[in-house]
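Chemist: just coords:
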């Protein structure tokens, strides 16, 4: 099994991703696609007069403030625009793709976090009523059913809370959870940069490899902090959880998945 | 099998539809839901600066002009906003709903009609490049797979062309095709009126019953023309195709499906 997460930033070449995924699928490679949609959500939210707002958490991460209206716009873009775009492109390339959000068949279940801590003017505050959460359970039976019948699942947030509410959730974490559930051969993160960069956005500073057992060495420690912390630590956890390797790679090029599998990008193993 | 089409006009009580559908599903009734979303598509299209345009065909029917941008907005509303709203409401009510568009697993396949005839200033003109079409094939294997595993499918346009393009298609016809494929006990059309009205919008002019073999009698002939023609003739065809009965009923009330099944509305049999 190979799990591919297609990022939601500007510049993703969806046609190339779909061509590559469909060609692998036709060779019999078992695949799961997970995708984002944040840049387009921002655009649509602006256009609909409900501009995006972000919260900076005490740990430094940034997340989308998700009130009910934002959740609707999020669903329009992730489940409507981006998911169906990918499914259509894959179908045109001959792969029998089938789109699913985490709500569908309770594919991605987790805990809603109604109260979210954030930092404003140096103070820790609490935002209530948010529709966000963390996925804890994956409905692998549903995926096995569809994979067994020859479909290629294309998976997107939101997830579903135990109470049955839609919750915005981190797509990177969803991909890692799925890859761990399947003890995947590879987990590939495609985005609009060639991999993890020691000096963002300088693409010549690409880090070629991060050995999991040396992630705390001085050489790698700086990567496991700041803006890349969540990505690096998520990859390390996935490898420790049984995923053979994690690759951060470029989605602006032809054959992005094959290149990643051949080691182009940042390989965590 | 009962097939329920939830219309896309203003005033639909989605909570009541979901409560009723979930309660039937929990009693073991086999259900397929199909939904629309036209009123919300119009609103979102306006807000996004791409206002809806409609074509009047030589036969009198009106359809949405669907260029590529309209198709994207259509997918955002149908597959994102409305489909996930229904799936979420059903999940909250304890039914394991799973949303599918016609693209997913090639659920609804048909022929794209790139050239569409329409009437303007009394002349017949041709609009090219449209993304619309008519569904000819249903992937019943996929539905059987999901129904067999206990899921409640929630189905929405667009469909997919034989060439793999998304095509806007008529949800009423999709519901009829599904009901025919399953030789359904009932096909229920829920909308924001109590059924078919002899004198629209006068709700007291509700037609209680249309016997299929008498649809050309003078008493019923006027119903099979004008704005209701497509609905009436579609229902007649479904019944002739093996569907036990078709009911046009109100989606603004509590228990809308049970009421329809009890005969409230217009019954075609």
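Modeler: Done, it's in. As the structure is a computational prediction, the values presented were derived from the model and not from experiment.
Chemist: which residues does the residue of chain A found nearest chain B contact?
Modeler: Across chain A, no residue is closer to chain B than residue A:80, which sits at 2.8 Å (Cβ to the nearest Cβ). Where you see a C-beta, it was placed from the backbone N, CA and C, and this is true even at glycine. Residue A:80 sits next to B:75-81 when contact means Cβ atoms under 8 Å, 6 or more residues apart in numbering or on different chains.
Chemist: hmm, who's touching the one helix or strand in chain A whose mean pLDDT sits lowest?
Modeler: Ranked by mean pLDDT, DSSP states H and E, the weakest helix or strand in chain A is helix A:218-221, scoring a mean of 80. Outside helix A:218-221, the residues within contact range by Cβ under 8 Å, 6+ apart are A:207, A:210-211, A:214-215.
Chemist: Restricted to strands, list those residues.
Modeler: residue A:210 (DSSP state E).
Chemist: among the contacts of helix A:218-221, which two are most distant?
Modeler: Pairwise distances across the contacts of helix A:218-221 peak at 12.2 Å for A:207 and A:214 (criterion: Cβ to Cβ).
Chemist: Those two: who's more crowded?
Modeler: residue A:207 (19 against 12; other Cβ atoms under 10 Å in any protein chain shown).
Chemist: Am I right that that one is in contact with residue A:195?
Modeler: Yes. Counting by Cβ atoms under 8 Å, residue A:207 does reach residue A:195; the two are 6.7 Å apart.
Chemist: who touches both of these two?
Modeler: Joint contacts of residue A:207 and residue A:195 (Cβ under 8 Å, 6+ apart) are residue A:266.
Chemist: For chain A, give me the ranges with low pLDDT.
Modeler: A:225-227 (pLDDT under 70).
Chemist: Helices along that one, start to end?
Modeler: A:14-26, A:38-47, A:68-75, A:83-92, A:140-148, A:171-181, A:218-221, A:229-240, A:256-261 (DSSP state H).
Chemist: Is it possible to get a markdown table of those helices that adds distance to residue B:219 and mean neighbour count?
Modeler: Converted to a markdown table, those look like this (distance: least, Cβ to Cβ, whole Å; neighbours: other Cβ atoms under 10 Å in any protein chain shown):
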| stretch | distance to residue B:219 | mean neighbour count |
| --- | --- | --- |
| helix A:14-26 | 55 | 20 |
| helix A:38-47 | 50 | 18 |
| helix A:68-75 | 45 | 20 |
| helix A:83-92 | 45 | 25 |
| helix A:140-148 | 50 | 16 |
| helix A:171-181 | 58 | 24 |
| helix A:218-221 | 83 | 12 |
| helix A:229-240 | 69 | 19 |
| helix A:256-261 | 64 | 23 |
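Chemist: and the residue nearest to residue A:197 when sequence neighbours are not counted, what is it in contact with?
Modeler: What sits nearest to residue A:197 in space, not counting adjacent residues and going by Cβ to Cβ, 6 or more residues apart in numbering or on different chains, is residue A:205, at 4.9 Å. Residues counted as contacts of residue A:205 (Cβ under 8 Å, 6+ apart) are A:197-199.
Chemist: I'd like the helices of chain A as CSV, with distance to residue B:185 appended.
Modeler: Formatted as CSV, the helices of chain A follow (distance: least, Cβ to Cβ, whole Å):
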stretch, distance to residue B:185
helix A:14-26, 38
helix A:38-47, 41
helix A:68-75, 32
helix A:83-92, 31
helix A:140-148, 26
helix A:171-181, 38
helix A:218-221, 64
helix A:229-240, 48
helix A:256-261, 46
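Chemist: Show me what from the stretch 151-269 of chain A comes close to chain B.
Modeler: Proximity of the stretch 151-269 of chain A to chain B (Cβ under 8 Å from any Cβ of the partner chain) is limited to residues A:151, A:158, A:160, A:163-166.
Chemist: Which pair of these spans the longest distance?
Modeler: Longest span within these, Cβ to Cβ: A:151 and A:163, 28.9 Å.
Chemist: These two - which one has more neighbours?
Modeler: Neighbours were counted for residue A:151 and for residue A:163 using other Cβ under 10 Å; residue A:151 has more, 21 against 10.
Chemist: wait, isn't the more buried one in contact with residue A:98?
Modeler: Yes. Residue A:151 is in contact with residue A:98 according to Cβ under 8 Å; the separation is 4.4 Å.
Chemist: Find residues that contact each of these two.
Modeler: Residues within reach of residue A:151 and of residue A:98 at once, by Cβ under 8 Å, 6+ apart, are B:105, B:142.
Chemist: List the residues that contact the residue nearest to residue A:54 when sequence neighbours are not counted.
Modeler: Of all residues not flanking residue A:54 in the chain, residue A:62 sits nearest, at 5.1 Å (Cβ to Cβ, 6+ apart). Counting by Cβ under 8 Å, 6+ apart, residue A:62 makes contact with A:54-56.
Chemist: Show me which of the residues you listed are buried.
Modeler: Neighbour counting with 16 or more other Cβ atoms under 10 Å in any protein chain shown marks residue A:55 as buried within these.
Chemist: would you turn the contacts of residue A:62 into JSON lines with distance to residue B:258?
Modeler: Converted to JSON lines, those look like this (distance: Cβ to Cβ, whole Å):
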{"residue": "A:54", "distance to residue B:258": "45"}
{"residue": "A:55", "distance to residue B:258": "44"}
{"residue": "A:56", "distance to residue B:258": "50"}
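Chemist: ok, the contacts of residue A:62 vs residue A:16, which is closest?
Modeler: residue A:54 (29.3 Å).
Chemist: need the contact list for that closest one.
Modeler: The contact partners of residue A:54, by Cβ under 8 Å, 6+ apart, come to A:62-65.
Chemist: one more time with 10 Å, if that's ok
Modeler: A:42, A:62-65, A:118 (Cβ atoms under 10 Å, 6 or more residues apart in numbering or on different chains).
Chemist: swap in residue A:19?
Modeler: A:13, A:89-90, A:92-95, A:254-257.
Chemist: What's the local residue count around residue A:139?
Modeler: 19.
Chemist: what sits against residue A:22?
Modeler: Residue A:22 touches A:31, A:89-97, A:152, counting by Cβ under 10 Å, 6+ apart.
Chemist: Closest one to residue A:239 out of the residues you listed, please.
Modeler: residue A:31 (19.5 Å).
Chemist: picking that back up, narrow the contacts of residue A:205 to those that are buried.
Modeler: Looks like the contacts of residue A:205 have residue A:197 buried, using 16+ other Cβ under 10 Å.
Chemist: From residue A:258, how far off is the closest residue to residue A:4 other than its chain neighbours?
Modeler: The spatially closest residue to residue A:4, leaving aside those adjacent along the chain, is residue A:188, at 4.7 Å (Cβ to Cβ, 6+ apart). Counting by Cβ to Cβ, to the nearest Å, the gap from residue A:188 to residue A:258 is 10 Å.
Chemist: Then residue A:264?
Modeler: 9 Å.
Chemist: who touches both of the two?
Modeler: Joint contacts of residue A:264 and residue A:258 (Cβ under 10 Å, 6+ apart) are residue A:249.
Chemist: coming back round to it: please list only the buried members of the residues of the stretch 151-269 of chain A next to chain B.
Modeler: A:151, A:158, A:160, A:164-166.
Chemist: from memory residue A:44 sits against residue A:37, does it?
Modeler: Yes. When contacts are counted by Cβ atoms under 10 Å, residue A:44 is listed as touching residue A:37 (9.3 Å).
Chemist: Now do the shared contacts for those two.
Modeler: Going by Cβ under 10 Å, 6+ apart, residues that sit against residue A:44 and also against residue A:37 are A:74, A:76-77, A:80-81.
Chemist: how long is stretch A:54-72 from one end to the other?
Modeler: 16 Å (Cα to Cα, to the nearest Å).
Chemist: hang on, I meant stretch A:219-235
Modeler: Rule used - Cα to Cα; the end-to-end distance of stretch A:219-235 is 17 Å.
Chemist: which one is residue A:48 nearest to, not counting chain neighbours?
Modeler: residue B:47 (5.3 Å).
Chemist: Now that the one you found has come up, it's in contact with residue A:46, right?
Modeler: No. The pair residue B:47 / residue A:46 is not scored as a contact, 11.2 Å apart, by Cβ under 10 Å.
Chemist: re earlier: mind listing which of the contacts of residue A:54 are in strands?
Modeler: Filtering these for strands - DSSP E - leaves A:62-64, A:118.
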